[in-house]
Structure formats: C-alpha cells, structure tokens
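[1] for reference, the sequence and a predicted model appear below.
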Amino acid sequence: MLIARLIAETETCETRLDALVAALAEAGVQVTAAALPEGSAGPEGDAGVLELQMDGYDAAAVLAAIDHTFAPPAMLVAQGGIAVPRLFVSDMDSTMIGQECIDELADYAGIKSQIAAITERAMQGELDFEAALRERVALLAGLEEGAIHACLAERITASPGAKTLVATLAALGARTVLVTGGFHHFADPVAEMLGFHRVVGNRLAVEGGKLTGGLVGPITDSAVKAAVLREELAGLGEEALSLATGDGANDIPMIEAATYGFAYRAKPKARAAANGRVDAADLTAVLTLLGVPQADWRVN
C-alpha cells in the first residue's frame, strides 16, 4: 500500500482530487481512501494535508500525477504508514542554510561568479563532485582564513523552518546528523546553531592563517553521505525509519537510501530521485507531512 500526503488548498481540493484519482487510475494505481485529516489545516487555515491511500507500488507515477494535478508546495509518497523517523540526515548548503558556502567565500576572493558556475554544474550532476570540489578549493589558495569568519557572520543564514525542523525531530527522539560536501569551518558552527548531534564534512587546509588551496583527509561525497545514513541506522536497528533532505546531485544516494527522502527546492535530478518534495514551502512542511502536530513543534 502506498500513502501519499500533500499540502493542498482546501477550496480547490475536491475538483483536483477527482482529476488526480482519474490520472492515477490510468497509471494502474487505485485510490482506496482520501481525506483531509482533522486538524491538518495550516497556520492561515486555507491549506491542509490531503492524505491518499492507494493500492499499487509505483511511487514515481503517483508523484508525477500529484505534480500534474495539484503542483503542491510539498508532498510525500511512502510505502505503508508514515511516522516520525528515528534518524534525520541532511545536506547543509542550500538545504539547512540558504547559501552555497564556497560561492559566498569566493566573493571575498573576488571570484564568486567563476566558482559559482562550477558549483551549479556539480549540483546539476554535470561534473564529478570530487574533481569540481578540488578545482574550486584550489582557486581559493592564499585567501585569509579570517574571510571564513567574516563570511559566516555576514552571509550565512538558516533556511526558513530549519531550526524548527531539527529541534522538533530531536525533541521527538531522532538522531540528527549534518553531512555536507562543504567544510567543517562552516558546518560546525551551523550544526551548533541548528542543534545537530553530529557533523560530517570536508576540511580546508590552512597554513599561516591562509587557505592553501587543498583539503585535509578523505572527501565527503555522495557515497559517504549514503554511508553515513546506513552507519547511523545500523546503531538504531533495522526497523528504524530515516529521513534525509538535500537539493543537489551529490545528495541523491542519501535521499534514495532514506525511508523519507526529501528534495528541498532541489535541482531536477535530485527532485526526481526523492519520494518527498518541498518546492515552495519552508522546511516545517516536512513536519506537517510526517504528521507532527504544530503543538509539538519546537519553534526557536
């Protein structure tokens, strides 16, 4: 059985639901129940969570049909019931924070456009991640380490809803891990700000107070991100549910490995790989789709 939840405008819900049921029937998926659960209305009272139960296993077809008929700000399709996960693993740049740290840091070296172009291609899955990372870091050779502290203070901000998402999941007993293809110089303070339990990332090499243009230690790439999720799950038990959020190609294996893999305002390849999508809402939409009542949210 498939369960789908989507945030929907209640005024147009009935008409669109009829169209969705018809589209799913054409795809061989039978809707067996549909409801707007009591208390599911959003803060403005004009949207709620529509929940569908379906006979079928084609999650991709369900996501495509929901996209076409509702174009909702957020949705989730999962096998079986949906519950609060015991593990939350997330990307950092453009997911938990609203920026790409290396792009913003490059601005202090006067080469933001050059580095941002490489970042974009890597996120789209057009470039090898490690090669693109080393190329960008090499361009930062000679930059004062103090630029990192300035960048953190002046440029880096949490994504809307990120603090509430992390704090609420932690309060409900979830283990929270920030795993990034970015750098510990940024990820450690971001994790402290948001309340993550663990951080995994890359390390910039620094000598004499300046970046050398190199990295220290192994690279945190897409394989490592997925491995961290599996490693953490191993300590929680085989039946533990997991949640992952990300936005770029480097996040795809992690998103696919999670019970609930959410693409947050993501690049097309990452979005296509996810069974949860947040396109226009903030990150608290994840809590809404998981069925966490607003009374239980930890708003900082």
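    Structure received.
[2] now do the SS call for the residue most central in space within the chain.
    Among the residues of the chain, the one closest to the centroid is Thr245, at 2.2 Å (C-alpha atoms, centre = their mean). Following DSSP: H, G, I helix; E, B strand; the rest coil, Thr245 is assigned to strand.
[3] where does this protein have low pLDDT?
    37-47 (pLDDT under 70).
[4] report back the residue of it that's furthest from centre.
    Gly208 (36.0 Å).
[5] that residue: what's it in contact with?
    With contact set as C-beta atoms under 8 Å, 6 or more residues apart in numbering, Gly208 has no partners. For every residue, glycine as well, the C-beta is placed using N, CA and C.
[6] now it: how far from Tyr108?
    17 Å (C-beta to C-beta, to the nearest Å).
[7] same deal with Glu144?
    Glu144 is 8 Å from Tyr108, by C-beta to C-beta.
[8] name the residue in these two with the higher neighbour count.
    Applying other C-beta atoms under 10 Å to Glu144 and Tyr108 shows that Tyr108 carries more neighbours, namely 18 against 15.
[9] so the more buried one makes contact with Ala153?
    No: the criterion here is C-beta atoms under 8 Å, and Tyr108 misses it with Ala153 at 11.8 Å.
[10] now do stretch 195-203: everything it contacts.
    Here stretch 195-203 has contacts from 90, 92, 133, 163, 166-167, 170, 175-185, 187-188, 191, 215-217, 219-220, 224-225, 228, 232, using C-beta under 8 Å, 6+ apart.
[11] distance check, Gly237 against Val84.
    Taken as C-beta to C-beta, the span from Gly237 to Val84 is 15 Å.
[12] I meant Leu63, not that one.
    With C-beta to C-beta as the criterion, Leu63 and Val84 are 22 Å apart.
[13] okay, those two: which has more neighbours?
    Each of Leu63 and Val84 has its neighbours counted (other C-beta under 10 Å); Leu63 has more, 21 against 18.
[14] list the contacts of that one.
    Leu63 neighbours (C-beta under 8 Å, 6+ apart): 75, 77, 275, 277.
[15] equivalent analysis for Ala162, please.
    So Ala162 contacts 96-97, 194, 283 (C-beta under 8 Å, 6+ apart).
[16] nearest to Ala25 among these?
    Of all these, Ala25 sits closest to Leu283, with 33.2 Å by C-beta to C-beta.
[17] and for the closest residue to the closest one other than its chain neighbours, the neighbour number?
    Nearest non-adjacent residue to Leu283, counting by C-beta to C-beta, 6 or more residues apart in numbering: Gly161, 3.4 Å away. For Gly161, the count of nearby residues is 21 (other C-beta under 10 Å).
[18] so who does Ala65 touch?
    Ala65 neighbours (C-beta under 8 Å, 6+ apart): 20, 23-24, 27, 29.
[19] redo that, cut-off 10 Å
    4, 19-27, 29, 58, 77 (C-beta atoms under 10 Å, 6 or more residues apart in numbering).
[20] only whichever of the residues you listed are buried, select them in ChimeraX.
    A single ChimeraX command selects the buried members of the contacts of Ala65 (16 or more other C-beta atoms under 10 Å):
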select :4,20,21,23,24,29,58,77
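[21] so which of the contacts of Ala65 is the closest to Val49?
    Distances from Val49 to the contacts of Ala65, taken by C-beta to C-beta, are shortest for Ala4, at 10.3 Å.
[22] what residues are up against Leu127?
    With C-beta under 10 Å, 6+ apart, Leu127 has these contacts: 118-121, 133, 135, 249.
[23] I should have written Val29 there, sorry.
    2, 4, 21, 23, 52, 54-59, 61-62, 65.
[24] same check, this time on Val84
    So Val84 contacts 168-169, 172-174, 241, 243, 260, 287, 290-292, 296 (C-beta under 10 Å, 6+ apart).
[25] again, only using 8 Å
    169, 172-174, 241, 290-292 are the contacts of Val84 under C-beta under 8 Å, 6+ apart.
[26] just to revisit the earlier point, buried only: go through the contacts of Leu127 for me.
    Among those, the ones that count as buried (16+ other C-beta under 10 Å) are 118-119, 133, 249.
[27] strands along this protein, start to end?
    Shown for the chain, the strands assigned by DSSP state E span residues 2-9, 30-35, 47-55, 74-79, 87-90, 175-183, 198-207, 210-216, 242-246, 260-264, 276-278.
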